[in-house]
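Peer 1: Please find the sequence and the predicted model below.
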Amino acid sequence: MPAPSAPAPRPTARETAISLRGVSIGYDRPIIEGIDLDILKGEILFIGGGSGCGKTTLLSCLTALRKPLAGSITIDGVDIVDSDDDAIRSVRRRFGVMYQLGALFGGKTLLENVRLPLEEFTDLPDDVMDDVARAKLGLVGLGAHALKQPSEISGGMQKRAAIARALALDPPIIFLDEPSAGLDPVTSADLDAMIEALNRMLGTTFVIISHELASIFAIGQRFAMLDGARRKLVALGAPAELRDHSDDEWVRRFLNRVPTQES
């Protein structure tokens with residue numbers, strides 16, 4: 001991946017990309033209640049916890065695919081919980097999403113997949129959309145594979161292509177849903193390195209849903225941990241600090257991979 005001439009300026013800690021206040025998520029009943037969380041501009045934040053703790057449900061709320069049971073979620077000054085469809089469509093231009101399985105269209109080339117957000121949200125000429133899509137594929141190391149279909153590349157390359165599509169509109173925020181799922185350790189480490197490089201190069205805020213501890217400790221600047229049993233956000237901080245010094249025993253056990261003791 002080409003190195004930038006200079007890294008993007010790092011934002012101050014006071015700048016907020018996404019603000020959650022009193023957010024409760026769930027379906028017939030709450031899974032997690034009362035989330036207060038500020039996601040900072042330019043950071044890599046992991047959100048994780050045990051199975052069934054509400055990670056994916058929270059992602060659906062953050063990306064305006066469903067509404068929380070209570071509370072507000074503000075992105076770029078817009079509360080996406082109470083906004084109308086036009087406002088939400090405008091906010092969606094401010095973020096990109098990579099879903100767990102990549103969600104690439106099998107009948108389209110990588111170039112055509114990456115073009116899709118440009119076709120939906122812009123009126124750029126076809127040749128310009130092609131140039132932008134090729135540039136995004138180049139950013140993730142897939143410039144030579146633009147005309148291949150997803151079935152012709154590896155799983156790790158499919159994840160990279162999905163990230164390229166998420167970057168198509170140059171959004172300041174990228175959501176990644178379990179990016180390392182199904183990847184071998186080396187490919188996962190390569191993907192982590194790419195995400196960190198994009199963060200440094202572009203200053204993009206990455207919100208990553210994952211419980212992959214190797215990735216969390218390798219590139220996570222902060223970790224927000226959900227606990228389904230207590231139905232709340234139980235920890236927020238630097239991953240190593242939480243692992244070694246959290247006052248919460250469950251947080252320390254989770255981050256140290258300590259098995260549950262049998263009674």
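Peer 2: Alright, I've got the coordinates.
Peer 1: Specify the beta-bridge partners of Ile209.
Peer 2: Ile47, Asp177 (DSSP bridges).
Peer 1: shouldn't it be in contact with Ser60?
Peer 2: No. Judged on Cβ atoms under 8 Å, Ile209 makes no contact with Ser60 at a distance of 10.3 Å. Just so you know, the C-beta spots here come from the backbone N, C-alpha and C atoms, and that holds for glycine as well.
Peer 1: Among those two, which residue is more densely surrounded?
Peer 2: Ile209 (21 against 16; other Cβ atoms under 10 Å).
Peer 1: mind checking how far the more buried one is from Phe121?
Peer 2: Remark: distance between Ile209 and Phe121 (Cβ to Cβ, to the nearest Å) = 24 Å.
Peer 1: same thing with Leu69?
Peer 2: Counting by Cβ to Cβ, the gap from Leu69 to Phe121 is 29 Å.
Peer 1: the more surrounded of the two?
Peer 2: The neighbour count for Leu69 versus Phe121, taken as other Cβ under 10 Å, is higher for Leu69 (18 against 14).
Peer 1: what's near enough to touch the more buried one?
Peer 2: Leu69 makes contacts with Ser24, Ile25, Gly26, Pro30, as judged by Cβ atoms under 8 Å, 6 or more residues apart in numbering.
Peer 1: Tell me the most packed of these, by neighbour count.
Peer 2: Busiest of the contacts of Leu69 [other Cβ under 10 Å] is Ile25, holding 27 neighbours.
Peer 1: Each with direction, which strands does the host helix or strand of that one pair with?
Peer 2: Following DSSP states H and E, one finds Ile25 within strand 16-26. Using DSSP bridges, strand 16-26 pairs in its sheet with strand 30-40 (antiparallel), strand 70-75 (antiparallel).
Peer 1: Show me what that strand is in contact with.
Peer 2: Under Cβ under 8 Å, 6+ apart, the answer for strand 16-26 is 30-43, 54, 57-58, 61-62, 68-76, 172-173, 205, 207.
Peer 1: same deal with stretch 104-123?
Peer 2: By Cβ under 8 Å, 6+ apart, stretch 104-123 touches 92-93, 96, 124, 129-130, 132-134, 136-137, 142, 145-151, 153, 158, 161-162, 164-165, 168-169.
Peer 1: In helices, which of the residues you listed fall?
Peer 2: Under the assignment DSSP state H, those contribute 92, 129-130, 132-134, 136-137, 158, 161-162, 164-165 to helices.
Peer 1: Give me the neighbour count for Ser246.
Peer 2: Ser246 has 18 nearby residues by other Cβ under 10 Å.
Peer 1: Since that was my last question, I'll sign off now.
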